[in-house]
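Colleague: my questions are about this predicted structure, shown below with the sequence.
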Amino acid sequence: MTDSVLLLNPKSAGGRHTDRTQRLAATAGFEVRESTARGETYDLARAAAGEGIATIAAGGGDGTLNEVVAGIDDAGALAETTVGVVPAGTGNNFAARVGIRGLEHAFDVLDTGRRRRIDLGDANGRRFVNSCVGGLTADASVSTTPELKRRWGALAYVIATLREYRTFEGIDVEIRDDEGADVWTGSAIGILVGNGRRFVGEPGTQANMEDGLLNVVLIESKPAYSLATEEAVSRFLRRDADHLTRVLAPRLHLSVHGDEPAGFSLDGERLATDELTVESRPRCLELPVGERYRPEP
């Protein structure tokens with residue numbers, strides 16, 4: 001029985017990397033299992049974990065990696081499984097964050113790279129490896145069609161964001177800590193929760209993936225008022241710019257006030273809700289990383 005499997009989404013990046021990824025996987029001794037429909041990568045990951053396969057690699061973008069991690073987790077095998085990152089998608093943000101520079105390098109890292117245990121994000125019981133974003137960025141992520149990705153590559157996300165910005169009015173949100181104390185209240189065009197992603201703002205806003213904390217950046221759409229106590233401010237908040245607020249916390253509760261649930265994007269997978277609890281699951285995901293990876297910002 002094989003102990004290394006690559007779960008490949010052949011539709012990622014319009015299929016441009018599929019043949020090369022298959023050849024590299026075969027050379028590296030990986031069995032390749034392809035998904036044929038949206039969501040099937042989750043089922044393949046859960047089945048592979050149930051077989052006791054030691055290394056399960058995700059071939060695709062951040063969404064494919066999300067499905068693989070969720071499937072392994074739901075099989076109860078996350079603690080004993082090494083998850084590989086093979087960047088065969090369009091943006092591949094997370095792969096770059098863990099020091100993986102391309103397809104060939106990904107298989108080198110799987111073979112000889114350092115193993116690290118990183119945090120995993122949770123949003124209402126659903127996992128995210130890289131980020132959970134709400135507001136303008138989430139709407140743009142959902143509206144970035146496969147056709148747009150094929151034509152423009154990573155630039156497709158920028159184009160979609162500019163389109164959404166014309167009509168987006170903001171989200172009225174209240175954020176509380178785990179004890180119920182108010183942390184921030186206001187109208188935001190972006191709610192950016194990072195586990196492994198760098199968002200807007202000054203240098204040093206990169207999320208540390210091994211500190212058990214989520215890095216939350218709020219992009220205000222109008223002057224916000226904070227109901228937080230002075231102590232809560234000192235614990236949680238740091239101003240990066242007049243329109244940005246940064247929050248560091250292991251767990252936060254978000255309440256959205258509006259006529260309809262707000263849209264959030266978990267590594268590109270959509271979630272609509274007006275009540276969201278996000279939390280960090282410290283160092284529960286093992287993966288090989290490139291030599292340039294550093295956990296600290």
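Modeller: Right, received. Where do you want to start?

Colleague: any idea how far residue 78 is from the closest residue to residue 85 other than its chain neighbours?
Modeller: Of all residues not flanking residue 85 in the chain, residue 95 sits nearest, at 5.0 Å (Cβ to Cβ, 6 or more residues apart in numbering). Yep, even glycine has a C-beta here, placed from its N, CA and C like the rest. Distance of residue 95 to residue 78, computed by Cβ to Cβ, to the nearest Å: 19 Å.

Colleague: could you check which of those two has the larger neighbour count?
Modeller: Neighbour count, other Cβ atoms under 10 Å: between residue 95 and residue 78, residue 95 has more, with 26 against 20.

Colleague: that older thread, how far away is the residue nearest to residue 85 from residue 173?
Modeller: With distances taken as Cβ to Cβ, residue 95 is found 30 Å from residue 173.

Colleague: then residue 275?
Modeller: Distance of residue 275 to residue 173, computed by Cβ to Cβ: 11 Å.

Colleague: shared neighbours, the two?
Modeller: Residues touching both residue 275 and residue 173 by Cβ atoms under 8 Å, 6 or more residues apart in numbering: 254, 255, 256.

Colleague: which one of these is nearest residue 125?
Modeller: residue 254 (14.6 Å; Cβ to Cβ).

Colleague: secondary structure element for the closest one?
Modeller: Assigning secondary structure by DSSP states H and E places residue 254 in strand 251-257.

Colleague: so for that strand, what gets flagged as buried?
Modeller: 252, 253, 254, 256 (16 or more other Cβ atoms under 10 Å).

Colleague: per-residue confidence at residue 297?
Modeller: Among the per-residue scores, residue 297 shows a pLDDT of 62.

Colleague: sorry, back to before: what is the strand holding residue 254 packed up against?
Modeller: Under the contact definition 3 or more Cβ pairs under 8 Å, 6 or more residues apart in numbering; DSSP states H and E, strand 251-257 sits against strand 171-176, strand 214-220, strand 275-289.

Colleague: count the residues that sit near residue 121.
Modeller: 24.

Colleague: if you could redo that for residue 113, that was the one I meant.
Modeller: 22.

Colleague: I figured it hits residue 286, correct?
Modeller: No. Shown here, residue 113 and residue 286 do not form a contact pair, counting by Cβ atoms under 8 Å, at 11.4 Å.

Colleague: any low-confidence regions in the protein?
Modeller: Where the chain drops to pLDDT under 70, the residues are 1, 137-168, 197-206, 222-242, 297.

Colleague: and the helices in the stretch 101-250 of the chain?
Modeller: Along the stretch 101-250 of the chain, the segments classed as helices by DSSP state H, counting those that start in this stretch run 103-112, 136-143, 146-152, 155-165, 230-236.

Colleague: and the strand holding residue 254 with strand 275-289, angle?
Modeller: Between strand 251-257 and strand 275-289, the angle comes out at 140 degrees (axes from the mean of the first three to the mean of the last three Cα atoms, to 10 degrees).

Colleague: partners of strand 251-257 in the sheet?
Modeller: Applying DSSP bridges to the sheet, strand 251-257 is found paired with strand 171-176 (antiparallel), strand 275-289 (antiparallel).

Colleague: so which of those strands is nearest residue 35?
Modeller: Of the strands paired with strand 251-257, nearest to residue 35 by Cβ to Cβ is strand 275-289, at 20.0 Å.
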